[in-house]
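Trainee: Sequence first, then the predicted structure, then my questions.
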Number of protein chains: 2
Amino acid sequence: MSGEGARRRDVTVADVAKAAQVSKAQAARALGNYGAVSEDVRERVLAAAEELSYRPNELARSMNTGKSHTIGVVVGDIENPHFGLATRGITDIAKRAGYNVILVNTDEDRAAEVDAVRVLLDKRVDGLIVAPASSVNTGHLHQVHQSGRPMVFIDRSGGDLEVETVAVDMARISLEATRHLLDAGHRRIAFISTLRADSPYTPGMALDSSQIADRLEGMQQAFLEAGLPFPADLVRLNAGDSDSIRSITREVLRGPEQATAVVASDGLIALSVVEAIQELGLSIPADVSFLMYDDFPWTRLTTPPLTVIAQPVYNMGVAAAKALIRQMEGLPPATPGQFTATLVRRGSVGACRPALAHPVAAGSPVAAE
Amino acid sequence: MSGEGARRRDVTVADVAKAAQVSKAQAARALGNYGAVSEDVRERVLAAAEELSYRPNELARSMNTGKSHTIGVVVGDIENPHFGLATRGITDIAKRAGYNVILVNTDEDRAAEVDAVRVLLDKRVDGLIVAPASSVNTGHLHQVHQSGRPMVFIDRSGGDLEVETVAVDMARISLEATRHLLDAGHRRIAFISTLRADSPYTPGMALDSSQIADRLEGMQQAFLEAGLPFPADLVRLNAGDSDSIRSITREVLRGPEQATAVVASDGLIALSVVEAIQELGLSIPADVSFLMYDDFPWTRLTTPPLTVIAQPVYNMGVAAAKALIRQMEGLPPATPGQFTATLVRRGSVGACRPALAHPVAAGSPVAAE
DNA sequence: CCTAGGATTGAGACCGGACTCACAGCGATG
DNA sequence: CATCGCTGTGAGTCCGGTCTCAATCCTAGG
């Protein structure tokens, strides 16, 4: 008969209480399942609630419990499957534990991250999972940490901040991958990353990203072990849009000192790098060897299938969420969040063609500059 | 000197008011930038706020404004780049307009969707963007709509629900794509989708997804136009995990009545279908033609590059967010949200090899059953 | 039959802002 | 000089729950 009557205002405990002919306090107790409530009252309240199709206002509830049952997730770009997967891991665990996720993209921009964190804090999220855009400039994260709000870093560290971090041992896997390339005879290995920097890379320069810094460290270590000089000139940062990545790729692949192997720092870069290589008429791995970070399913579909560094991204999301929830519940941290990446050798790394000049040079559509 | 003193409880307007030696009301006015406040008071309040590093509690604010400045986004799976992109479009617009996004995955499960919508409503989101798991079973969405809460559908329609919907004209593009295949001589065209159904596909059966229904309608239309019989036996639903997709692919590609072209309903399916085709030792497009929905960057990297149906997913996200915001602000709906997909002809569709039996059959690793 | 102690119950404070309302201050108007 | 009108201001209510506290009910022990 009734049921659909509610329109203007939401039904509140007070309404339910009135309908059940009990006090607001009793209704709230019955609804919230706390305190002492007689069977009789409980039934009447529940029936009334059902009848009025009462739904608690989580906002109001949050306000005086102090818990919003919401966690904020701050990532670079949800469009990147890397973060898509991680986010999926996070949301899966969060949902299971009764938490919701507010998602914010930063485009790896620190200002956007500062803003994101502030907004999330204003919304009183119970905790934060952040993929810090910078491992150096972390004042805002420092404040969050000091205020005691639960926080976990994912994917990258926050510099010297003692915050639980879920990431892979980048230096290790980079070392391994570089060894692999060195073993194949490569000496001129290029590394292309989107990481923004004010100047071209020089050995020892301070990098904003711990992740990239670790990868480069791993590479240098491998060259050091092999007693070979590290080709710092082939480390290219600021690889932004598709055009700039292509042009960088062409740059490192031409001239007498060209690279014989290219490492792409992430899946997005990889796409443009491979395209550029194809456009140059070079073949993988005969002319150029190729290696990329992240094992996306499509990397098995190319010809040849690509050799990649697989990162357990989904599981990292899961671990980050679990760690955060643990923190929020006041439990001590469990296992440390160091994950292991693996080198998946498929077909894109081959033996280095000895000194044979590539057929690049003149004819190719090379960018001006 | 002070500044870092706040620890236990958050700083509230009352605290600021006290510090600025004005009433709570005045402080609130100065902070909230409303009502009449003298320059003197404003300055004192702002200074005090700064000093105490006051931050408004959005929860409290939401509670009596009724607006949470949050929109709920309910998608099938954020891990799927299709939704990743759409979500990116949504969050970009939302952020610009001052809204946050709470994200929920449903795995295309109706029960999960019902739950998601309920939770979001309890959190008092200002509006919802939903990719309905089912276009048939929409009782829960019906309720939301009736309650007057702003809502926009993305990607699929909600059946007979008169809710603003941002989607592509699937029947049209499917018609076009099918014509393309028919023109190439294909008559046995398979269509593989994850859509869950209780029984194998039969013409005219009720489908849960308007999207898939429209695609099939487009296909049938094309066959009808050409005066050819529609191969309903090659429409395969319930393609779940990688293994089942592979086995379905093998099924449709073997036997005397095998398909000469395969259409993959989304990027995830496509990966497994192409893998299965490669495993069978068949080549695209010489032995089998292939077409997929969604133009992901990697589809240009395979050999041959894949012919795809490009959907403006990011822009659809943008449009959905804009439409929702418009609704939330009480403005009349703007342009209708019909988007156009385009057929991107690359290299995976070729001429149908006349009746020549494929080298599939016996030796291949075909699933038991 | 009387009373201590646990189970119930209702009134009301409180969370942290937004907003209503009554009132004071003050220059302009008549 | 009284009135009007507008800016400033403080007290207090309200949003919709949670939670404290004191009062009331009920039942077993003495």
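Mentor: Great, that's in hand. Owing to the predicted nature of the structure, the values given are computational and were not obtained by experimental measurement.
Trainee: So which bits of stretch A:29-40 are buried?
Mentor: Across stretch A:29-40, burial judged by 16 or more other CB atoms under 10 Å in any protein chain shown covers A:29, A:30, A:31, A:37. Where C-beta positions appear, they are placed from N, C-alpha and C, glycine not excepted.
Trainee: Name the nearest of these relative to residue A:124.
Mentor: residue A:31 (22.4 Å; CB to CB).
Trainee: In terms of helices and strands, where is the closest one?
Mentor: For residue A:31, the element it lies in under DSSP states H and E is helix A:24-32.
Trainee: Check which helices and strands that helix sits against.
Mentor: Helices and strands touching helix A:24-32, by 3 or more CB pairs under 8 Å, 6 or more residues apart in numbering or on different chains; DSSP states H and E, are helix A:13-20, helix A:39-52.
Trainee: Beta-bridge partners for residue A:338, please?
Mentor: In this entry, residue A:338 is beta-bridged to residue A:167, by DSSP bridges.
Trainee: Can you get me a residue count around residue A:146?
Mentor: 11 (other CB atoms under 10 Å in any protein chain shown).
Trainee: Check the gap between it and residue A:140 for me.
Mentor: Residue A:146 is 11 Å from residue A:140, where distance means CB to CB, to the nearest Å.
Trainee: for residue A:331, same thing?
Mentor: 26 Å.
Trainee: Who has more neighbours out of the two?
Mentor: residue A:140 (19 against 10).
Trainee: Does the helix or strand hosting that one pack against any helices or strands, and if so which?
Mentor: Here residue A:140, judged by DSSP H and E, is contained in helix A:139-146. Counting contacts by 3+ CB pairs under 8 Å, 6+ apart, helix A:139-146 packs against helix A:110-122, strand A:151-154.
Trainee: by contact count, what packs against the first one?
Mentor: Just to be clear, that refers to helix A:110-122. Helix A:110-122 sits against strand A:70-75, strand A:100-105, strand A:127-130, helix A:139-146, with contacts defined as 3+ CB pairs under 8 Å, 6+ apart.
Trainee: Run through who's touching the shortest one.
Mentor: Same thing as strand A:127-130. For strand A:127-130, the external contacting residues (CB atoms under 8 Å, 6 or more residues apart in numbering or on different chains) are A:71-74, A:90, A:113, A:117, A:120, A:141, A:144, A:149-154, A:158, A:320-321, A:324-325, A:327-328.
Trainee: which ones are touching residue A:101?
Mentor: Residue A:101 makes contacts with A:70, A:71, A:72, A:73, A:87, A:90, A:91, A:94, B:102, B:103, B:104, as judged by CB under 8 Å, 6+ apart.
Trainee: So residue A:351 sits against residue A:182, correct?
Mentor: No - judged on CB atoms under 8 Å, residue A:351 makes no contact with residue A:182 at a distance of 11.8 Å.
Trainee: Please name whichever of the helices and strands packed on helix A:110-122 is nearest to residue A:308.
Mentor: Per CB to CB, nearest to residue A:308 of the helices and strands packed on helix A:110-122: strand A:70-75, 20.9 Å.
Trainee: Could you figure out how far that closest one is turned away from strand B:70-75?
Mentor: Relative orientation of strand A:70-75 and strand B:70-75, computed by axes from the mean of the first three to the mean of the last three CA atoms, to 10 degrees: 70 degrees.
Trainee: okay, residue A:351 and residue A:182: which has more neighbours?
Mentor: When residue A:351 and residue A:182 are compared for neighbours, residue A:182 comes out ahead with 19 against 13, by other CB under 10 Å.
Trainee: Verify the contact between the more buried one and residue A:226 for me.
Mentor: Yes - contact criterion CB under 8 Å: residue A:182 and residue A:226 qualify, at 5.2 Å.
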